[in-house]
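> From the sequence below, what's the structure:
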Amino acid sequence: MRFAARGESFPLAQVFTISRGAKTSADVVVVELDRGGIMGRGESVPYPRYDESVPGTLAELAAIKPQIEAGLDRQQLQDLLPPGAARNALDCALWDLEAKASGRPVHQLAGLAAPQPIDTAFTLSLDTPEAMGQAAAQNAHRPLLKIKLAGADDLDRVTAIRQNAPDSTLIVDANEGWSPDQVEPLSAALAEQGVALVEQPLPAGEDTLLAELAHPVPLCADESCHTAADLDALANRYDCVNLKLDKTGGLTEGLKVAARAKERGLDLMVGCMVATSLAMAPAVLLAAQARFIDLDGPLLLKQDRADGLRYAGSRLHPPDPHLWG
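Numbers count the residues shown, from 1 in each chain. The predicted structure follows:
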């Protein structure tokens, strides 16, 4: 089997800002596996929050090139690489390769129902209340808006967005930006605005306090939840978990997270980093199990891949096999 990996960069349509900083491009890693002229592909986003980078991810993959080209399978991969971007790109490429070699789509190989069109959230980048209100007005036709928050002035931001998008369901993402004393008052105020979900209000590792804090709006673990092993500790703090394949290290572990979350009575969000359709496609298979779907990465790009997913507004259609799966 021939293995290749490379970094690629896709400019964003506009600056994308969260509580930790801003970015102007989606910097991804693409893995290609060629066996007998059949190509499998996978894409991931190395995330600085988890001490990842494109060069570091490429180095992780290069270090196991002999095992890959000797015929590494998905189960062996789980033990060889830790959860994260390197394992995600390779795991998804292995699924794609098996699907194309067998003539069976990945959803059949994984025992899942065939994917159907779904509505995805559209994310509003962190900005002033006035600017976010204007962005909401431009996207008021979308059924689900995800709002990036930071702590200070958050209620003003949500109020401006609600005034300009009165019919949209709102979910908010603090990206670890709140302090403990903000959780109860902000949650109560956001409930009055009809907010349906709050993602990761406190920093991962400092969120044990959530078990003791009132929150009329359900809480969703993002940075605190990576693999199925995390869920037992999170079940008394959160109501929902955000499943991102870049955190789980691929679809193989993502399937386990989805199953374990259901066992624990946790709702599921299927989310993404900012990336192209090649990174979204595997996550689309998990959408049927999720209460919230946030797979809008390609909508934030200046231009997606030529064979990308089809979006009709916020309606996301299943991937074509030429893209993945």
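> residues in contact with residue 98?
Under the criterion of CB atoms under 8 Å, 6 or more residues apart in numbering, the contact list for residue 98 reads 40, 106, 109. Just so you know, the C-beta spots here come from the backbone N, C-alpha and C atoms, and that holds for glycine as well.
> Quick check, pLDDT for it.
At residue 98 the predicted local distance difference test score is 98.
> and the gap between it and residue 287?
21 Å (CB to CB, to the nearest Å).
> Show me how far the strand ranked longest in the chain is from its chain's centre.
Ordering each strand of the chain by length in residues (DSSP state E) puts strand 2-18 first. Between the mean C-alpha location of strand 2-18 and the chain-wide mean there is a distance of 15 Å, by CA atoms, centre = their mean, to the nearest Å.
> Please apply the same query to stretch 33-50.
16 Å.
> Kindly check the end-to-end length of that stretch for me.
Separation of the first and last residues of stretch 33-50 by CA to CA, to the nearest Å is 26 Å.
> quick check: mean pLDDT across that stretch?
Along stretch 33-50, the predicted confidence averages to a pLDDT of 97.
> now, which of the contacts of residue 98 sits nearest residue 210?
Using CB to CB, the shortest approach to residue 210 within the contacts of residue 98 belongs to residue 106, at 35.0 Å.
> The closest one - how many residues pack around it?
Neighbour count for residue 106, taken as other CB atoms under 10 Å: 23.
> The closest residue to it other than its chain neighbours: what's it in contact with?
Using CB to CB, 6 or more residues apart in numbering and skipping the chain neighbours, the partner closest in space to residue 106 is residue 325 (4.0 Å). In this structure, residue 325 makes contact with 95, 96, 99, 105, 106, 107, 281, 282, 285, 319, judged by CB under 8 Å, 6+ apart.
> The second one contacts residue 41, correct?
Yes - proximity of residue 96 to residue 41 meets the contact threshold set by CB atoms under 8 Å, at 5.6 Å.
> who touches both of the two?
The contact lists of residue 96 and residue 41 share 33, 324, where a contact means CB under 8 Å, 6+ apart.
> between the two, who's got more neighbours?
When residue 96 and residue 41 are compared for neighbours, residue 96 comes out ahead with 27 against 19, by other CB under 10 Å.
> coming back round to it: the longest strand of the chain - contacts with which helices or strands?
Judged by 3 or more CB pairs under 8 Å, 6 or more residues apart in numbering; DSSP states H and E, strand 2-18 is in contact with strand 21-35, helix 54-63, helix 65-69.
> Mind listing the residues bridging to residue 122?
residue 145 (DSSP bridges).
> That one and residue 314 touch, don't they?
Yes - with contact taken as CB under 8 Å, residue 122 and residue 314 are classed as touching, separated by 5.8 Å.
> who touches both of these two?
Common neighbours of residue 122 and residue 314, using CB under 8 Å, 6+ apart, are 142, 144, 296.
> tell me which of these is nearest to residue 264?
Within the shared contacts of residue 122 and residue 314, the smallest distance to residue 264 is 24.1 Å, found for residue 144 (CB to CB).
> For that closest one, give me its contacts.
For residue 144, the contact set (CB under 8 Å, 6+ apart) comprises 119, 120, 121, 122, 168, 169, 170, 171, 292, 293, 314.
> Can you redo those as JSON lines, where the extra columns are secondary structure, neighbour count and pLDDT?
Output for the contacts of residue 144, formatted as JSON lines (DSSP: H, G, I helix; E, B strand; the rest coil; neighbours: other CB atoms under 10 Å; pLDDT from 0 to 100):
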{"residue": "119", "secondary structure": "strand", "neighbour count": "15", "pLDDT": "97"}
{"residue": "120", "secondary structure": "coil", "neighbour count": "29", "pLDDT": "98"}
{"residue": "121", "secondary structure": "coil", "neighbour count": "27", "pLDDT": "98"}
{"residue": "122", "secondary structure": "strand", "neighbour count": "22", "pLDDT": "97"}
{"residue": "168", "secondary structure": "coil", "neighbour count": "21", "pLDDT": "98"}
{"residue": "169", "secondary structure": "strand", "neighbour count": "17", "pLDDT": "98"}
{"residue": "170", "secondary structure": "strand", "neighbour count": "22", "pLDDT": "98"}
{"residue": "171", "secondary structure": "strand", "neighbour count": "24", "pLDDT": "98"}
{"residue": "292", "secondary structure": "strand", "neighbour count": "23", "pLDDT": "98"}
{"residue": "293", "secondary structure": "strand", "neighbour count": "23", "pLDDT": "98"}
{"residue": "314", "secondary structure": "coil", "neighbour count": "20", "pLDDT": "97"}
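> so where do the helices sit in the chain?
For the chain, helices defined by DSSP state H occupy the ranges 54-63, 65-69, 74-80, 85-102, 106-109, 129-138, 154-164, 180-192, 231-234, 245-248, 251-263, 277-284.
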